[in-house]
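# Give me a 3D structure for the following:
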Amino acid sequence: MRIPTATYRLQFNSEFGFAAAQDIVEYLKNLGVSDIYASPIFKARKGSTHGYDVVDPTQLNPELGGEAAFQPLIDTVHHHGLGWLQDIVPNHMAYDGQNPYLMDIMEYGPDSEYFNFFDIEWEGPEELGGRVLAPMLGDFYDRCLERGEIQLSYDETGLSVNYYGLRFPMRIESYGRFLSYQSGRLAQQLDTSDRTFVKISGILYLVKNAIVDLKGREYRDQAQFAKGLLWDVYQESDAVREFIDQNLVIFNGTPDQPSSFDLLDELLSEQFYRLSFWKVGAEELNYRRFFTVNELICLKIDNQEVFDQTHDLICKLVKNDQFNGVRIDHIDGLYDPTRYLERLRDRLGDTYIVIEKILEDEETIPPEWPIQGTSGYDSLIQLNGVFCQQDNQDAFTRIYQQLTGESTPYPELVAAKKRLIAETNLVGDINNLARFLKRVCQQYRYGRDLTLYGLRTAIEEVLIAFPIYCTYVNQEKISERDLAYVQEAIEAARKRIPQLINELNLIERFLSLNFEGSLPEEEKAQWLHFVMRLQQFTGPLMAKGLEDTLFYGYNRFISLNEVGGTPGHFGLSMRQFHQRQQQRQQQWPHAMNASSTHDTKRSEDVRARLNVLSEIPSEWETVVNLWRSLNGSHKTVVRDQVVPDANDEYFLYQTLVGAFPFEDSELASFSDRVADYVVKAVREAKVHTAWLRPDADYEDGYVAFARAILTPGEKNNFLPEFRKFQQRIAEYGIYNSLSQVVLKLMLPGVPDIYQGQELWDFSLVDPDNRRPVDYNLRRHWLQELQQWGDDRAALLQNLLEYRQDGRIKLWVTHCGLSVRQAYPELFEQGDYQPLFARGDAEEHILAFARQWGNQWVVAIAPRFLTSRIEPGEYPIGKVWGETTLALPSGAQHWQNWITGESVTTTEDAALSDLLATFPYAILVGTAADQPAPEATTES
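Modelled structure (predicted):
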């Protein structure tokens, strides 16, 4: 298996396609990465900015350049010795007219060859009448219809219904209704012996009589034949063309004349889909979505045919050595993740596989999964948490409570936000689960008196109480791990709703697979289906309740409000950090290490700044109170509500401290970015406004406040005060960020660099973090650094002096990657040994060693520097006083790969010597009888 040395994440879109990526391959090689880690590149919905809304996984995305541009790119990648790690999406596709598989179902219903392709419950809510819901309208169906927004059209592909950019086909039976309407007009113009009349009569006979009795392929073939005949006649005959065009006008109605839309309404009522207001999707859904996104419909990937079809191109690209690894998006959405991964491993062979998986505190991946680990959210949380000063948790809790009045314990907030999502966005999904369980338990006398309402309420409580994203019960067994989580959830639900003890006992029996001894296999399969179906909704509820709601509303310290994080825990101790890395080395040594991703709420550099605040709670409290008093006049009142409220204002101040640009010239564009961001944030928080019920007054007031305090002027007393404080925080944030880089690159696992973040990047949540990257600047600066010459001391002094330009981060990144390239076996297989400094600065130094045979690497990085150095002072030399660090005794000769300096020691080394000229060290060591290593960062 080819294990990447380090990956570099690229976000492809129409503005950055295959040709653009080809231009930077050489730069990435020189930077030191081994593999491009690509966002989804298969055909997506037109204009997609991320690629996760796939419409056809059997072809490369033409908007990125298609096969013609991909092949030269991959040839260039291989020419430079790089690999390719591909992000794939097995859980869902776009619910869109561009999706040929879904449109085939919409047109042919049960006779479509893709009828079982998507996760649709055709026997779902009775009100849908066996049709799949299409919740894509911007308003109630009747209003959209009677405003003339839903229109019938006709072209070579046949009759279709159109709503702005949405286009759905009409089933062939509807052609009969359409062509029969006022057909006398056409008969008057055509002689009965006319060839055109004969063709039209034949088409009508086909669609109204002959085709309806056919099934499967024969049905589809005849439908296509009839459609082809009609198009031929439409092109050949002026009379037919005029008749059809006039019928289109009639069916499309006249706005403000409701009855004129009756014909189109009747036509729509007989389709295999039901158009509806998008909000209906929360309650009457009969297809599974990605989380709560109506526009993403989930696949039945457990179906072998679906797996084969959607993975055919992926497997070919792996087999042809164009892909060297895959990253699986949203593994928890799959019906049977274990079986999927086993099937994928069988197809891909000895290929590097990682999964997108969020792990709760102390949670582990099932050890039997045939993968190399996760894509790095867990390592991100650990890297971030160790720079949060735990000792100040109580101070930040007190500050938050005094500023906002929020004193609800974190676990209660988690439950409340999950309940909010369960009772709004996921109502339809929970209803479907309850209906299924009701049908199954009616077979047993102990379940017959359990009501649908009771079962639904109990299911909701169990989902809310689930402590992790997902369990993985399948046909094989329920593991001890999963059984413990099930019992924890049931016990929590029992405390919440003791009156539904019988319903909860039943659900526990099902979830534990506690079958009756004589239960037939068919009934066991029903129990198992309920369990595996329920597992598909614990993850979305957790994700939407925490990541997309609570993490925008619980603002005690927003650096911790990150994907995979638990902000109720105030950081991570040094010993906990080392323990997690040792476990990682033992269990998943080749998992990915991330510090920023396309999903993170804020970039690594934003969090690095915010973590500085955790060191200075008193000073932070003082400046926040000052800012609040200075900005009071910018607030507005909407329906007796001050805008923004104290919680949103506190969120904004933290955001500004973390994301404010170094250059004042960027202030105008930064203000625009913040305006977009606060609207998204406050909608996600779902307190004063939400995506389901936007409150424009509150949003506008919040945006106006943000813009006002960011607009320079004589009357803006806030901005100078803020800038003075923020610049100081930004200085310390630089050192936090560089420490994070050193650690990430040296830790067990495969480090990943998110696009552009080898320089300073103060991005917020998407789409802010998908802005174009200036690779010309990065290429130029890397070449300049590599050509600096032998005077390493002068280079380091220059980088420290001009640290705000970002070259210092580029240099540290490049040095760390160079070490990994030079010692691949050490990083693939070497163990992890915590090192602890001794002296008054021991809590300010993170250090560890990696060892494989006679090869050693030691990483040294500072933290909590506000109490060690003054602004403008470097954390080098005498700053470290008498503090020492015992280097591993197995090596004697050491070379600092960043500074080029040599160290020879068999005793405790003084930190003032190890960090004499630069705040960080990556020491490469050899035994006494081995030649000293020589640091090189040449390309």
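# Shouldn't F662 be within a helix?
No: according to DSSP: H, G, I helix; E, B strand; the rest coil, F662 belongs to no helix; its state is coil.
# How many residues are close by it?
Using other CB atoms under 10 Å, F662 has 15 other residues around it. Using the backbone N, CA and C atoms, a C-beta is placed for each residue, glycine as well.
# For it, which non-adjacent residue is closest in space?
Nearest residue to F662 in three dimensions, chain neighbours excluded: Q804, at 4.7 Å (CB to CB, 6 or more residues apart in numbering).
# Pretty sure that neighbour sits against Q727.
No: under the criterion of CB atoms under 8 Å, Q804 makes no contact with Q727, lying 9.7 Å away.
# Which stretches in the stretch 301-450 of the chain count as strands?
In the stretch 301-450 of the chain, strands defined by DSSP state E, counting those that start in this stretch lie at 325-328, 352-355, 373-374, listed in chain order.
# Low-confidence ranges, this protein, go.
Under the criterion pLDDT under 70, the flagged ranges of the chain are 906, 928-939.
# quick one: T404 and N555 touch, right?
Yes: counting by CB under 8 Å, T404 does reach N555; the two are 7.5 Å apart.
# which residues do these two both contact?
Taking CB atoms under 8 Å, 6 or more residues apart in numbering as the contact definition, T404 and N555 share the neighbouring residues 647, 650.
# still on that earlier bit, the residue nearest to F662 should be in a helix, yeah?
Yes: remark: Q804 belongs to a helix, assigned using three-state DSSP.
# Count the residues that sit near it.
Other residues lying near Q804 total 14 when counted by other CB under 10 Å.
# can you pull the contacts of it?
Counting by CB under 8 Å, 6+ apart, Q804 makes contact with 662, 730, 734, 760.
# swap in N593?
Applying CB under 8 Å, 6+ apart, the residues near N593 are 376, 379-380, 383, 744, 747, 749-752.
# Now restrict those to buried residues only.
376, 379-380, 383, 744, 747, 749-752 (16 or more other CB atoms under 10 Å).
# which ones among the residues you listed are found in helices?
Judged by DSSP state H, helices contain the following of the buried ones among the contacts of N593: 379-380, 383, 744.
# Give me the spatial nearest neighbour of the residue most central in space within the chain, chain neighbours excluded.
Note on the chain: the residue nearest the mean C-alpha position is D599, at 4.2 Å, using CA atoms, centre = their mean. Counting by CB to CB, 6+ apart, V563 is the residue found nearest to D599 once chain neighbours are left out, at 5.1 Å.
# Verify the assumption that the one you found is located in a helix.
No: counting by three-state DSSP, V563 falls outside a helix, being coil.
# I figured it was touching I358, is that so?
Yes: counting by CB under 8 Å, a contact exists between V563 and I358, whose distance comes to 6.7 Å.
# the more surrounded of the two?
Between V563 and I358, counted using other CB under 10 Å, I358 has the larger neighbour count: 24 against 20.
# ok, the more buried one to G428 distance?
Going from I358 to G428 by CB to CB, to the nearest Å gives 24 Å.
# Quick check: chain neighbours aside, which residue is closest to Q401?
Nearest residue to Q401 in three dimensions, chain neighbours excluded: S407, at 5.0 Å (CB to CB, 6+ apart).
# Quick check: the gap between the spatially most distant residue from the centre of the chain and S201.
Computed with CA atoms, centre = their mean, the maximum C-alpha offset from the centroid of the chain is found at S193, amounting to 63.4 Å. If you measure S193 against S201 using CB to CB, the figure is 11 Å.
# do the same with G447
Noted for G447: a distance of 57 Å to S201, by CB to CB.
# So these two - more neighbours on which side?
Regarding G447 and S201, a neighbour count based on other CB under 10 Å identifies G447 as having more, with 18 against 14.
# ranges for the strands of the stretch 701-850 of the chain?
Across the stretch 701-850 of the chain, reading from the start of the chain, the strands by DSSP E, counting those that start in this stretch fall at 750-754, 831-835, 837-838, 845-852.
# for those strands, which one sits closest to G83?
Minimum separation from G83 across the strands of the stretch 701-850 of the chain (CB to CB) falls at strand 750-754, 11.0 Å.
# Partner strands of that closest one, with direction?
As defined by DSSP bridges, the strand partners of strand 750-754 come to strand 7-10 (parallel), strand 592-593 (parallel).
# hmm, back to that, torsion angles phi and psi at the residue nearest to D599?
phi -50, psi 120 (degrees, to the nearest 10).
# Same check on E368?
Dihedral pair for E368: phi -80, psi -10, per degrees, to the nearest 10.
# you'd agree it is up against P337?
No: between E368 and P337 there is no contact, the gap being 11.3 Å when judged by CB under 8 Å.
# so who does S596 touch?
Shown in contact with S596 (CB under 8 Å, 6+ apart): 380, 603-604, 754, 757, 761, 763, 769.
# would you turn these into TSV with distance to Q579?
TSV is the format used below for the contacts of S596 (distance: CB to CB, whole Å):
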residue	distance to Q579
L380	17
S603	27
E604	22
Y754	26
Q757	27
D761	30
S763	31
N769	31
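# Select from those every entry located in helices.
Using DSSP H, the members of the contacts of S596 that fall in helices are 380, 604.
# List just the nearest of the contacts of S596 to A706.
Using CB to CB, the shortest approach to A706 within those belongs to S763, at 17.1 Å.
# Please settle this for me: is F918 part of a strand?
No: with three-state DSSP as the criterion, F918 is coil rather than part of a strand.
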